[in-house]
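# Mind folding the following:
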Amino acid sequence: MTLIGCSNKDEQLKADIATKSQQDISFAGVDYTVQNGEAVLSGNCATAQDKQEVEKTVKGIAGIKQVQSNIVIAPVVLNGDEMLKRSAEQQVKDYPRVKAEVKDSVITLIGSIKKDDEQKLLNELNTVHAKGVKNELTLQ
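Below is the predicted model:
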């Protein structure tokens, strides 16, 4: 399999997680990335049951080879940042190595992206009406 094939597969897997996360409140405080079929989960879940539900949901996605969970049990506050985070996640779902974090209505992009895709992603994020976008992406 070529690297491009892996990347396209990872993009689809991240999009599948994004779709599931929009349907389940358990994902509210969870961030995720996908690389070579491995999903890495981080952030907070309000309860152990929510954490287990998120892990089970991601493991159940066809094509996910492994799930590394770094989720901690901690309060999850649903506010304007959470809604903005969900919108930002929809925009970055096609970029498997990109993670969007939101604080005080500012989106911070972390991870790596192909140089050709960077401006496209930034343009897409302009549609979510954040106060700003802080780009900490590494170009490939």
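# Can you list the low-confidence ranges for the protein?
For the chain, the stretches flagged by pLDDT under 70 are 1-7.
# could you pull out the helices for it?
3-23, 48-59, 80-92, 115-125 (DSSP state H).
# deepest of those helices, which one?
Mean neighbour count (mean count of other CB atoms under 10 Å) peaks for helix 80-92 among the helices of the chain, with a mean of 19. Using the backbone N, CA and C atoms, a C-beta is placed for each residue, glycine as well.
# Can you name the residues that contact F27?
F27 is in contact with K20, S21, V54, T57, counting by CB atoms under 8 Å, 6 or more residues apart in numbering.
# Could you find the closest non-adjacent residue to the second one?
Think S21. F27 (3.7 Å; CB to CB, 6 or more residues apart in numbering).
# any idea how far that neighbour is from V54?
As defined by CB to CB, to the nearest Å, F27 lies at a distance of 6 Å from V54.
# could you dump the helices of the chain to CSV with distance to S69?
Below are the helices of the chain laid out as CSV (distance: least, CB to CB, whole Å):
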stretch, distance to S69
helix 3-23, 13
helix 48-59, 5
helix 80-92, 18
helix 115-125, 26
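# Quick one: closest of the ones you listed to K99.
Of all the helices of the chain, it is helix 80-92 that lies closest to K99, at 7.2 Å by CB to CB.
# who touches the closest one?
Residues from elsewhere that reach helix 80-92, judged by CB under 8 Å, 6+ apart: 18, 21-22, 28-29, 76, 98-105, 107, 109, 121, 124-125, 127-128, 130.
# And the residues you listed, which of them are buried?
18, 21, 28-29, 76, 98-102, 107, 109, 121, 124-125, 128, 130 (16 or more other CB atoms under 10 Å).
# what's near enough to touch the residue most central in space within the chain?
Residue closest to the average C-alpha location in the chain (CA atoms, centre = their mean): Y32, at 4.2 Å. Contact analysis of Y32 by CB under 8 Å, 6+ apart lists K14, I17, S21, A39, V40, L41, S42, V58, K99.
# Make a markdown table out of those residues and add distance to K93.
Shown next, in a markdown table, are these (distance: CB to CB, whole Å):
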| residue | distance to K93 |
| --- | --- |
| K14 | 5 |
| I17 | 8 |
| S21 | 9 |
| A39 | 13 |
| V40 | 15 |
| L41 | 15 |
| S42 | 16 |
| V58 | 14 |
| K99 | 11 |
